[in-house]
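**Student:** A structural model of the following input is requested.
(one chain, ligands or ions: 1)
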Amino acid sequence: MARDSQKTKFYKTERAIFTGLNGKYPIHFTTDRQVQAYVNKVTKSLEWKRLGGRQFVQVVHIRRDNQWARGWGNKVEIPPWARSKSVILHELCHGLTYDNGLLTEHHSPSFAFLFRKLIAWEFGDETRRQFDLAGEALGLKWNPDSRILKRLA
Ligand SMILES: [Zn+2]
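**Tutor:** From the prediction side, this is the model:
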């Protein structure tokens, strides 16, 4: 059996914590406008700034539901199936990782470290602890780049 990549481990951990019994992410918003309001709330938060987030992030309208959610730079694409807080935080975390100067790291340990901070902010420490337990069982790594640790010291 091939060993899972960090990316696969990340996806599995995320699904274990946030999807329901039907395997789907809970839908928290019904329009792009609501998603944008949530994104604004996140990017205006002190926690976002503390973690090194610098940018206003624009929600790009995606009508098709069969598309991946994506995040890069100061944009996120959130198809209707992905209008779920944890998925939106995941996509925002790509831009946040980028803001930290870690240009090539997509689901790296630093990305996982920052994502865990965002979920603790949104869902609380207990959810973050559950994420850690699931991630540990799957071999997920979340030791951050030294630049992130220096910022938070
Ligand atoms: Zn991703």
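**Student:** isn't residue 58 up against residue 77?
**Tutor:** No - the criterion here is Cβ atoms under 8 Å, and residue 58 misses it with residue 77 at 10.0 Å. Placement of C-beta: from N, CA and C, glycine included.
**Student:** looking at these two, which is more packed in?
**Tutor:** residue 77 (17 against 13; other Cβ atoms under 10 Å).
**Student:** tell me the pLDDT of that one.
**Tutor:** The per-residue pLDDT reported for residue 77 equals 95.
**Student:** from residue 14, how far out is it?
**Tutor:** Per Cβ to Cβ, to the nearest Å, residue 77 is found 18 Å from residue 14.
**Student:** any low-confidence regions in this structure?
**Tutor:** Low-confidence segments of the chain, defined by pLDDT under 70, span residues 1-2, 104.
**Student:** so which strand or helix has the residue nearest the centre of it?
**Tutor:** The C-alpha lying nearest the average C-alpha coordinate of the chain belongs to residue 90 (Cα atoms, centre = their mean; 1.7 Å). Element membership for residue 90, per DSSP states H and E: helix 85-99.
**Student:** which elements pack onto that helix?
**Tutor:** Packing contacts for helix 85-99, counted by 3 or more Cβ pairs under 8 Å, 6 or more residues apart in numbering; DSSP states H and E, involve helix 6-18, helix 32-43, strand 70-72, strand 75-77, helix 109-123.
**Student:** pipe these into CSV and attach distance to residue 25 per row.
**Tutor:** Formatted as CSV, the entries for these read as follows, by distance: least, Cβ to Cβ, whole Å:
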stretch, distance to residue 25
helix 6-18, 6
helix 32-43, 13
strand 70-72, 15
strand 75-77, 15
helix 109-123, 13
